[in-house]
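In: Any chance you could fold what I've pasted below:
(chains A, B, C and D)
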Amino acid sequence: MMTHARAIALPGWAGKPVETQLEGWPVVERFEPPEGDCAVGLTDLSHRPKAIVQGAGAQRLGLARPGQAVWNGQSLAGCLKPGHAVVLDLTGPLEMKPADSSWTDMTDGWVLLGLWGPLSLDVVQGLVTVDVEPRERGGALFFATSCHGVPVQLFNLRAQKPGFVISCARSHGQNLFEACIRAGRQSGLKVTGLKAYSDWLCGPAA
Amino acid sequence: MPFLIDCPNCGRRSPYEFKFGGECKRAPDPGADVKAWCDYLYLYENMSGVQDEWWYHTMGCRSWLKIRRNTVTHEIIEE
Amino acid sequence: MAGRLPGCATQVLDRARPVRIYFQGRQVDAFEGDSVASALLASGIDTFSRSFKYHRRRAPSCLSGQCSRCTMSVDGRMHVKTCQTSVREGMSVEPHGSVEFDPKSLADTFSWALPTGFYYKYFYKPQWFWKRVKEVFRAMPGNMATVRPLAGKSRIDAVNLSPEMLVVGGGLAGIEAAITAAQAGVRVVLAEADGWLGGFDAFQGEAGHRRAQDSIRRLREHGNVRVLTSTWVSAIYPDGLAICVQSCGGEGPEGVLERVFHVRAGTTVIATGATSVPPLFENNDRPGIILPEAAQRLVHLWGIRPGTRILLAGGDDYLARVGLELIDKGIGLAGLADYRESGPDEALRARLSEHGVRIWSGYKVTGSHGRTRVEGATLAALGGSDVQTVACDTIVASSGRYPRHKLLGQAGARMAYDSGLNFYLPEDVPRAYHAAGRLLGLEDPEAIMAQGRVAAVRALEGLGIDVGTMGQEARQALERPSPLRAVSAQPLSTEAGKKAKTFVCYCHDVTEKNVEQAVEEGFSDIETCKRYTTATQGACQGGMCEANFTHVLARKRPELGSRTLPTTRPPVASISLGAMAAGHHDNPQLSPLHHVQLEHGGRPMRLGSWIRMNHFGDELAESLAVHQAAGICDVSMLGKFRVFGPDAKKLLNRVMTREVGNLAGNKILYSSSCNEEGILLDDGVVLKMGEDDYFVTTLAGRAPVTEEWFARWCREEDWQVHVVNLTETRAGMNVAGPKSREILSKLTDADLSNEAFPFLTWARVKMAGVDVIAMRMGFVGELSYELLCPSSQAGFLWKRILEAGKPLGLVPFGIECLNICRLEKGHAIPGLDTDGFTNLFESSFGWMLNRTKTETVGKPMLELFSDRPLKEQLIAFSMDGKSPVLDGCLVVKGPRQLGRVTSIRYSPLLDKTIGLALVEPDEDWREGGKVRLWLGEGREVEAAFAKPPFYDPSGGRMKA
Amino acid sequence: MPTSQPVLRYKQPEKRYDVIVIGAGLHGLAAAYNLARYHRVGRIAVLERRYIGFGGSGRNTEMIRANKRAHETLPFYKESLEMWDGLSAELEWNLMVQKKGLIALAHSDGELAVMRMLSDSQRRAGIKIDMLGPEEVKKMVPSLDVSDKPALPVAGAQFHPEGGTVHHDAALWGYAKAASRCGVDICAGVEVTGFYVEGGKVNGVRTNVGNIAAGKVHVAVGGYSSEIARMLGVKYPVVTIPMQVMTTEVMAPFLDYYVASPRLHWYTQQTLKGDLILGGQLDPWQSWNSSTTWQECSERVAFILEYFPDLAHARVVRSWSGLCDCTGDSAPVMGPSGIDGLSLDIAWGYYGFKSTPACGKYAAEYIATGKVPEKIRHFGLDRFYNRQRVREIII
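Out: Residues are numbered from 1 along each chain as shown, chains lettered A, B, ... in the order given. The predicted structure follows:
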């Protein structure tokens, strides 16, 4: 039974959603007609587990400095400030398992969008005013900034191919989603289901 | 130099990501008299030049930062 | 007059693709690549606009987006610079007002009666006369656009960019700067105002074309340069933000008309070029008088003949070269007036003479003649008395060059006049900004390119980027001879035109005489003179007039010595309101229960940034249902926080007026918070979830400020305390009413009885399978449970509760009903029933101040003033039945104004109108006292002072 | 026809004056003019470090109105608004007074409640005020969108028929001209760098061109009052914040009223020339830098377009900003400074322009008589120490 509800209304032009249920969450598997290849994909990942980790727990995540992020193929951890990290689980089971009391489950508090594909950097640059691809190389990056007035948290995965995840407060979910669509219009952004995203995330390096 | 605030957590950011928190002041002792408290609450150095001030990074790390800024040129003075 | 040159191929025009546009409904044939202005000029249209004050005929003089004399209405859009707008099939072009026949041009004849500042000097009395005159004034200005309802869809997009380098200007210098940076591997944005690259060289005939094409080709080899053509960088702001507005044409059903790039670059190279200064002579504003660049643009870009008999005038070899280019295209010249005794360069003079061009050396133009456009010019010998008249249909004239300095000025540079060069050069260019090219007075293309590279190298070095050997090479190239070339001295008039008008400011029709008169009247400072004459304040914002304005001022007041330029302010080029607004979006916050409430008939309204439900059709019925059965209300926007860590208690004791320390078990602590002045800010509850682990709520919509407030009160402490904003993590529902226990019990195995779960306690329960924190609270005065559940499950739980409650009379209710119920209980809401001056004691929350705790924010001020009389107090009152009194009504006593009604509602349950008022202390605020409410002159209603609550004074119902 | 008679006459300062006014903005010139014209106080000088009207007097939106909140100060604003009427004739200079009417929009029931409260207070003070419904607003301003399209639709409005505009430069020059004629010395390029205070009494100022003795000194320096405070070794309850304004290209008359939204902090009016003046929000931080900023301007325009969608293609040609010296209670500081002979007229925030005539009158009265006039009684510094702050803020 679907006991959870999406924070974001899917646009009609994205196609007909083929939905399944995951632990009570309605999840769009794919859209009909099929999305095909896309330069930029936008995928609602809000059902994924998320947490804020503060204090001692944050130090154990192995993040040396603010802005740094770690992507281990399952979860993403980003350092907001010393002793304050954000953890997102992108591929594991749909259950937030806090390691200790320094974790606070934020799964329901934030929406999470995947913004991925060859032109995703262009789209993200159009969304925020910070340089999300600075010259210094190495590792994933984490940013907390504003996107058209909405406070957002942004990960640049930097995993062989360009891809980002962006989150914000649930109540602003629709605003952020629409901002992504506006910013991506020029680049041929498509709204996709989870399958396309997983294929991209776990598929071969581009 | 553009007016950007160097947040120790987030890097150089537009001041519009922050909330301005006013000049740094020292509160009197809780037992101080009315004059001391009202001076503290209502009067300002309002420096035309360099002053220490508080900024809160609303759109970023949500921390309060102490910034030394020239209020005429917007130059941020590194400590 | 004008017309196309036969068979002339140009870089931008595609003669194979005709385009039709409509000027005042009449078809004008153009070609792909034409600008609207070029199409109109080619078809022989001479008058584009009428001037502001005198309604004189005006036509474009620069054709580069600066003079704004070519502005018209295009497809309903006002003030479009037609020289910067590409033609599109079917485009409709209208001048602003009637240009061919304009009765208001009588003003030109009567201008003797309108001296500088005449509107200040006349009409100061009587008052009624001014009132009439001003209506005449309103109708007078020329080139007034009409605001029309906008038809059709056109979008303006906003895009953020954060490259390492922004290059402004796509001429040789800008292109070289971009290439240099691209070679160093940085991301570059290059913005060019024209629709093509090449800058000045794009219209310098064959040689220039080759140079430009070579540069462009090399630029295209680099993928990391984003080139934005048709893009004006309209401003650079103190925070380093550059606003770049690209004109996109707006094609397609939902076409983008303009795209605004908000560019935050690490460093910026400004290579905006230079422009010819319009000449000063009598009637220097006639159609047909154009700058040399405009003549070149016409010929080389659009294959248009500027005229058939052209007089060139100036003091620069540039004009001679332009003359040769015109001859080359078979265009007739009336001659060249060069105010230098020596005349043009020997070789140029020889070539001109070969073609039989008459050259007047040591002569300048002193006036123009003609009716609708130039028909002749008067020349005068500079040193002598000889005066000649020359017949011509076009005057191509310039009096030197002037840097396009505005962006540099906005970036913080100062422009200093160099009398040797007769040019303004930048000084004190701030770090992160670098100037290049013709902007610096350079003329030699090699020097310009080298200098563009040097600027880029310096910019990159400023970013801490290693440029290798590039820097050295660029600097060496610049050391070649003659990088900087002086511009000839201006052929400046030594006195103001005596009879006819010599325009300094074309936009506002300000003449030389006006400026001189202003100086004589004491407006000698550049800023005051500018404001008094209104020179430089028109559409071109000084672009075409600053040089001459400062010159005339300097001539009149030589004692001031240096020439200063007026302050540069954004925008450089006018920017549409739509472009300014692009990127701003209303971001309403939606509750997790938003959609489900809409399904149940909720009527949304905006409260702050949140959208909430005002009611579900009938707030009175809702309030009765709450009292008689049960209701459910969305309270998700209440601020919710987790505060934990060893020092959590310290922080809470500081920001809360009550003591948090002794909170134990499943008790709820209701507390308030104040600012340092003791002003009431907020109220909420504190729950203890574990050791050093608290859950705190704050007023609806206050979560962001509260988070900042918590951080503020430990910013100077070394405390171990963590705050997590859980506002969005948990939705909130208030299920209230005598049947609420029965309803909720259907959904849970937990014991909700009063014994197991008494008033002001909380519990974790599973309700319909959902994890819920349930709190027994009494805001609406009935038995009620505030349920906090995971946001994504809120809709599910809401539906289950409604299903379970429907048979028992449960209804959803909105904030109107909430207001009725809380007023019945006399509950005040901080910030609504109090204001920014109401301290804790003056509100009804004074009891919450823990007098023994010293660390509470605001307590010192509250204590200091505690023995003095209150300034105001919050009182309650009631009236029988329904009253017309509304929120905000004044509370009065004779002539005294005592305060105002903060909330007032009709309670159907009590059949009374009850309210709260924030008032000065008065003896009437006692049992039996009267509260007088002012309804307007001579009309008052009386209400009875009352001590709340009005309903269930013992609180038995909510504690049941 | 008038010939080129000097309008502005700058003088070199003499060695001593009976009254020195610091600041040749509107308030300083108005005080000097009133002193010279209506009081016998001897020789008067106005010292100005830049030029006449350098500060806020030349950088405002020319709005005049009296629809303030605090009932104790409304009579002052009412009088000031009325005084503008006769001023052109008195100064023999057309100030281009246009009482075109001010429409302040409300966007919710809550705002309407506040507006009703304000309106009633104002009516009781004798100021003409009407409440309008959306349809009435639409009739007066046909280009305004009163539908539910804007995110915050128009719920109603307050109409203040006596509100309007005065040409700020005209007012400046009118006062300057009249003051000169009454014998006031206006000295530009004279920067006060310090004060001579002995035994708690001021007796002169230090300037870049030498010391000048004075019996009395009046401070009317607009946004720069804290610099004066530093010279005196005190602090004032003032924070300096810039405010942004924009102007557009000219359009045929389409907007007859001044329209404002207090909630969204914007206002707009069409000048006689036909351009629109747009603005209404302070910068979000303290600053002495009068560069234009983008954010405030852009946000104002975005809001204005919600209500005037047809203006999307109107074009802004210039923006500027002025420094406002703001107090926490949005009321000024006028009268005694705590130092004998030194009087204050500061902290006017962004409502100094409209208050000019009454300020000039009462500042002069206070300087001449040493008694605080009843109408400015609430503007004293003492109010910050006895919880008597003016309730000007609406929350």
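
In: make it CA atoms for all contacts and neighbour counts henceforth
Out: Will do.

In: And the pLDDT at residue C:841?
Out: On pLDDT, residue C:841 comes in at 94.

In: Pull the number of nearby residues for it.
Out: 22 (other C-alpha atoms under 10 Å in any protein chain shown).

In: can you tell me how far it sits from residue C:19?
Out: Distance of residue C:841 to residue C:19, computed by C-alpha to C-alpha, to the nearest Å: 76 Å.

In: what kind of secondary structure is residue C:580 in?
Out: helix (DSSP: H, G, I helix; E, B strand; the rest coil).

In: Same check on residue C:949?
Out: Following three-state DSSP, we place residue C:949 in the coil state.

In: Could I get the contacting residues of it?
Out: Contact analysis of residue C:949 by C-alpha atoms under 8 Å, 6 or more residues apart in numbering or on different chains lists C:823-826.

In: Quick one: end-to-end length of stretch C:148-161, please.
Out: 34 Å.

In: show me the contacts for residue D:378.
Out: By C-alpha under 8 Å, 6+ apart, residue D:378 lies in contact with D:72-73, D:388, D:390.

In: still on that earlier bit, and chain B, which of the contacts of residue C:949 reach it?
Out: On the criterion C-alpha under 8 Å from any C-alpha of the partner chain, none of the entries of the contacts of residue C:949 sits beside chain B.

In: so which of the residues you listed comes closest to chain B?
Out: residue C:826 (32.3 Å; C-alpha to the nearest C-alpha).

In: Make sure the closest one is actually in contact with residue C:948.
Out: Yes: Residue C:826 is within contact range of residue C:948, at 5.0 Å (criterion: C-alpha atoms under 8 Å).

In: Extract the CA atoms of stretch D:378-389 and return them as CSV.
Out: In CSV, the C-alpha atoms belonging to stretch D:378-389 read as follows (Å, rounded to 0.1, in the frame of the first residue of the first chain):
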residue,chain,number,x,y,z
HIS,D,378,8.3,63.0,20.5
PHE,D,379,11.5,63.1,18.3
GLY,D,380,13.9,63.6,21.2
LEU,D,381,16.9,61.4,22.0
ASP,D,382,15.5,60.8,25.5
ARG,D,383,12.8,58.5,24.1
PHE,D,384,15.3,55.7,23.8
TYR,D,385,15.9,55.7,27.5
ASN,D,386,12.3,55.8,28.8
ARG,D,387,10.5,53.4,26.5
GLN,D,388,8.9,56.3,24.7
ARG,D,389,9.9,55.2,21.2
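
In: What residues sit buried inside that stretch?
Out: Of the residues in stretch D:378-389, D:378-381, D:384, D:389 count as buried by neighbour count, 16 or more other C-alpha atoms under 10 Å in any protein chain shown.

In: same check, this time on stretch C:99-106
Out: Residues C:99, C:104-105 are the ones in stretch C:99-106 that count as buried (16+ other C-alpha under 10 Å).

In: did I read that right, residue D:323 in a strand?
Out: Yes: counting by three-state DSSP, residue D:323 is found in a strand.

In: Tell me how many other residues surround the closest residue to chain B within the stretch 201-350 of chain D.
Out: Minimum separation of the stretch 201-350 of chain D from chain B (C-alpha to the nearest C-alpha) falls at residue D:237, amounting to 4.1 Å. Per other C-alpha under 10 Å, the neighbour tally for residue D:237 reads 26.

In: any idea what sits nearest it, other than its immediate chain neighbours?
Out: Spatial nearest neighbour of residue D:237, chain neighbours left out: residue B:43 (4.1 Å); criterion: C-alpha to C-alpha, 6 or more residues apart in numbering or on different chains.

In: wait, doesn't the one you found sit right on residue D:238?
Out: Yes: using C-alpha under 8 Å as the test, residue B:43 is close enough to residue D:238 to be in contact (6.7 Å).

In: Of the two, which one has the most company?
Out: In this view residue B:43 and residue D:238 are compared by other C-alpha under 10 Å, and residue D:238 has more residues nearby, 27 against 18.

In: separation between residue C:870 and chain A?
Out: Remark: distance between residue C:870 and chain A (C-alpha to the nearest C-alpha, to the nearest Å) = 41 Å.

In: The nearest residue to that residue once chain neighbours are set aside: what's it in contact with?
Out: In this structure, residue C:870 finds its nearest non-sequential neighbour in residue C:842, 6.5 Å apart by C-alpha to C-alpha, 6+ apart. By C-alpha under 8 Å, 6+ apart, the contact set of residue C:842 is C:870-874.

In: Select from those residues every entry located in strands.
Out: C:873-874 (DSSP state E).

In: could you give me the average pLDDT of stretch C:610-621?
Out: Mean predicted lDDT for stretch C:610-621 stands at 96.

In: Count residues in the vicinity of whichever residue of chain A sits closest to chain C, would you?
Out: Across chain A, no residue is closer to chain C than residue A:109, which sits at 3.6 Å (C-alpha to the nearest C-alpha). Residue A:109 has 26 neighbouring residues, counting by other C-alpha under 10 Å.

In: one step back: now list whatever residues contact both of residue B:43 and residue D:238.
Out: Going by C-alpha under 8 Å, 6+ apart, no residue sits against residue B:43 while also sitting against residue D:238.

In: Run the chain-centre distance for the helix or strand of chain A with the lowest mean pLDDT.
Out: Between all helices and strands in chain A, the lowest mean by mean pLDDT, DSSP states H and E belongs to helix A:56-59, at a mean of 88. Offset of helix A:56-59 from its chain centre (C-alpha atoms, centre = their mean, to the nearest Å): 22 Å.
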